[in-house]
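J.: For reference, the sequence and a predicted model appear below.
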Amino acid sequence: MSAAETDPPLDLATASPGAAMAISGRRTDGTFAARGIFGQGIFIDPKRKTVIASNGDWAAGAADRIASQARAAFYRAAQKAIDDEAAGMPNSAPVR
């Protein structure tokens, strides 16, 4: 099981009132993430020298669990693609 699956999700409901972005801090796999109140996101993976920044204007905001899970799956897929490329493997099926 990957760290992205075991670390607690970001939860803006528990962030400071008026907070525009919540930062998860360093996760167990060494990555960092932040999520904005309207679905913006930043994912930093120092090991893979990768930064993913995304704009967002989700109708349900950061409380949209389905969109949040989809973004986490995208981050895992990006990590896998980077690892596969480094290992000389051809493109593989998306992570689900």
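T.: On my side now, so go ahead.

J.: give me the number of residues near P46?
T.: P46 has 11 neighbours, counted by other CB atoms under 10 Å. No exception for glycine: its C-beta is placed from N, CA and C like everyone else's.

J.: Was I right to think it contacts R27?
T.: No. P46 is beyond contact range of R27, at 11.2 Å (criterion: CB atoms under 8 Å).

J.: Run through the residues that contact G39.
T.: S54, G56, D57, W58, G61, A62, D64, A67 (CB atoms under 8 Å, 6 or more residues apart in numbering).

J.: sec struct for it, please.
T.: When classified by DSSP: H, G, I helix; E, B strand; the rest coil, G39 comes out as coil.

J.: With A77 instead?
T.: A77 ends up helix, using three-state DSSP.

J.: List the residue ranges of the chain that fall below the pLDDT cut-off.
T.: Scanning the chain for pLDDT under 70 picks out 1-22, 24-25, 90-96.

J.: Against E85, how distant is A78?
T.: For A78, the distance to E85 (CB to CB, to the nearest Å) stands at 11 Å.

J.: what about D64, how many neighbours?
T.: Neighbours around D64, by other CB under 10 Å: 16.

J.: This protein: strands as residue ranges?
T.: All strands of the chain, identified by DSSP state E, fall at 21-23, 32-36, 41-45, 50-54.

J.: I'd like those written out as a markdown table, with mean neighbour count and distance to R71 added.
T.: What follows is the strands of the chain, written out as a markdown table (neighbours: other CB atoms under 10 Å; distance: least, CB to CB, whole Å):
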| stretch | mean neighbour count | distance to R71 |
| --- | --- | --- |
| strand 21-23 | 16 | 14 |
| strand 32-36 | 20 | 8 |
| strand 41-45 | 19 | 6 |
| strand 50-54 | 13 | 7 |
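
J.: what about the helices in this structure?
T.: Here the chain has its helices, by DSSP state H, at 3-6, 65-86.

J.: if you compare the ones you listed, which one is most tucked away?
T.: helix 65-86 (a mean of 15; mean count of other CB atoms under 10 Å).

J.: what's the angle between it and strand 41-45?
T.: For helix 65-86 against strand 41-45, the angle by axes from the mean of the first three to the mean of the last three CA atoms, to 10 degrees is 30 degrees.
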